[in-house]
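S.K.: 3D model of this:
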Amino acid sequence: MVGYDIVVIGSGPAGLAAAASAYKEGVKSILIIERDRELGGILQQCIHNGFGLFYFTQDLTGPEYATRFIEKVKENGISYKLNTMVLDITSERKIIAINKEEGLLEIQAKAVILAMGCRERTRGSINISGTRPAGIFTAGMAQRFVNMEGYMPGKEVVILGSGDIGLIMARRLTLEGANVKMVLELLPYSSGLTRNIVQCLQDYNIPLYFNHTITKIYGRDRVTGISFAEVDIKDKRPIAETEKEVACDTLLLAVGLIPENELSKKAGIEIDPITNGPVVNDRMETSVEGIFASGNVVHVHDLVDNVSKESEVAGRNAAKYVLSHKKFPSIKVKTVAGHGVLYVVPQIIHPQKMEEEITLYLRVKDIFKDQRLMITIGTEQNPKPIHSIKRLIMAPGEMQTINLKREHILKGIHVNDAAGIDTGLKLTVYIEAKGERKDE
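M.R.: Next up, the predicted model:
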């Protein structure tokens, strides 16, 4: 068995940023484990631009963004293993991995950073009836085929779901000569960024149909067409009289992403039922001591810049954990999603131990215009407002961030350092229940 101070599982934007941050903090014994053939993760197949606008204040492609961090890893001499699959991880931070050169590996870490990213929902998770022909791909798989393997998945394309990968692939396939006939979205709004709707669909005259879904797939050896219909807004059931058929040879599914949580569950980590990722505190530490997590394995991000920022927090605090095991009692504050908010990450804050400023990440449940995000802290019976911020527009497809200073949180709770760990305090984020609301 070999040992490292920190083992990072995954070398996408989260893993690379976390490793670089931990090294900068003073930990030199770091290993990155990557199951693919090269560092960079999903960024290597994202050859479009739009990355790094906030983090680097430059307009970069995915590989260019990844290269910035890969160079840091190599310059610092951080160890990494490619083509290596992690099979298991225990709550004692023992890792079982395998690759064809070394066989079965046992690695003991003082701290672990989970950065496995997320996976795509498949046809099986949305239960579309019909045959099982070739020509049905997740949008990410099609992206890899086109951008890395050099294959075209098809010529006459229908896309189900308006997630960012689906929107981007609509443009990508159009540029490669395919005819993207339509994008169908079950919800009354897009789950992707507004800029991608404009740049990838509207600029290429690709129609986007809200409140629509696919009802059946046709074809024996290869997809020959699909049926689609409008759905009832309340129960999402297809309206039979609106059903239509369209011929196509390819169907792309962009119907959502799920954090890769199998290893998290094996380690006994508490999983948030809304995000489907680990419950983390302000240090990005999970419910299992010494195991940290960041990026899309915690919750699905829309901007890689936020992944890097969040992962630096995880790397920095994993390093502090390794270098110093000092502990002292700390107030525990749970974050709560209030009116109009789907979830808030991190789910737990320790105000006395947190950094000078914390970033809260959240998604809203609907489209809201010209409204305020409100933050209160205290008991359920006595919440005290500590911050508010006005937003012109908030949509489920675009993550909201709020920066809170440590001093403001401490002033809001008014308890001394000797207070018990669990005081029943909650930090609630909600949308002020007034103003114009738009549902379409």
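S.K.: Excluding chain neighbours, what is closest to Ser79?
M.R.: Once flanking residues are discounted, Ser79 sits nearest to Leu31: 4.8 Å by CB to CB, 6 or more residues apart in numbering. For glycine as for every other residue, the C-beta is placed from the backbone atoms N, C-alpha and C.
S.K.: in a strand, that's where the one you found is, yeah?
M.R.: Yes: the assignment for Leu31 by DSSP: H, G, I helix; E, B strand; the rest coil puts it in a strand.
S.K.: if I pick it, what's in contact with it?
M.R.: Residues in contact with Leu31 (CB atoms under 8 Å, 6 or more residues apart in numbering) are 4, 6-8, 78-81, 107, 109.
S.K.: let's see it at 7 Å
M.R.: Residues near Leu31 by CB atoms under 7 Å, 6 or more residues apart in numbering: 4, 7, 79-81, 107.
S.K.: Among these, which one has the most neighbours?
M.R.: Val7 (29 neighbours; other CB atoms under 10 Å).
S.K.: partner residues bridging the residue nearest to Ser79?
M.R.: Val7, Ser79 (DSSP bridges).
S.K.: that older thread, for the contacts of Leu31, which one is nearest Arg195?
M.R.: Of all these, Tyr80 has the smallest distance to Arg195: 33.1 Å, by CB to CB.
S.K.: Using JSON lines, lay out the contacts of Leu31 together with pLDDT.
M.R.: Listed next are the contacts of Leu31 as JSON lines, based on pLDDT from 0 to 100:
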{"residue": "Tyr4", "pLDDT": "97"}
{"residue": "Val7", "pLDDT": "98"}
{"residue": "Ser79", "pLDDT": "97"}
{"residue": "Tyr80", "pLDDT": "98"}
{"residue": "Lys81", "pLDDT": "98"}
{"residue": "Ile107", "pLDDT": "98"}
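S.K.: Is it correct that Thr61 is in contact with His48?
M.R.: Yes: in terms of CB atoms under 7 Å, Thr61 counts as a neighbour of His48; the distance is 6.5 Å.
S.K.: which of the residues in the worst-scoring helix or strand of the chain on mean pLDDT are buried?
M.R.: Sorting the helices and strands of the chain by mean pLDDT, DSSP states H and E puts helix 406-413 at the bottom, at a mean of 84. For helix 406-413, a neighbour-count test (16 or more other CB atoms under 10 Å) marks 406, 409-410, 412-413 as buried.
S.K.: In PDB, could you pull the C-alpha coordinates for stretch 112-132?
M.R.: This file holds the C-alpha atoms of stretch 112-132, laid out as PDB (Å, rounded to 0.1, in the frame of the first residue of the first chain):
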ATOM      1  CA  VAL A 112      -9.400  12.900  -0.200                       C
ATOM      2  CA  ILE A 113     -11.000  15.300  -2.600                       C
ATOM      3  CA  LEU A 114     -13.800  14.000  -4.700                       C
ATOM      4  CA  ALA A 115     -13.900  15.600  -8.100                       C
ATOM      5  CA  MET A 116     -15.600  13.000 -10.300                       C
ATOM      6  CA  GLY A 117     -17.900  15.400 -12.000                       C
ATOM      7  CA  CYS A 118     -21.300  14.300 -13.200                       C
ATOM      8  CA  ARG A 119     -23.000  12.000 -15.800                       C
ATOM      9  CA  GLU A 120     -25.800  12.400 -18.200                       C
ATOM     10  CA  ARG A 121     -29.300  11.100 -17.800                       C
ATOM     11  CA  THR A 122     -30.100   8.400 -20.400                       C
ATOM     12  CA  ARG A 123     -33.200   7.300 -22.300                       C
ATOM     13  CA  GLY A 124     -33.900   4.800 -19.500                       C
ATOM     14  CA  SER A 125     -34.300   7.500 -17.000                       C
ATOM     15  CA  ILE A 126     -37.100   9.300 -19.000                       C
ATOM     16  CA  ASN A 127     -39.000   6.300 -20.200                       C
ATOM     17  CA  ILE A 128     -39.600   7.100 -23.900                       C
ATOM     18  CA  SER A 129     -41.700   4.400 -25.600                       C
ATOM     19  CA  GLY A 130     -40.800   2.900 -28.900                       C
ATOM     20  CA  THR A 131     -38.100   0.700 -30.500                       C
ATOM     21  CA  ARG A 132     -34.400   0.500 -29.500                       C
END
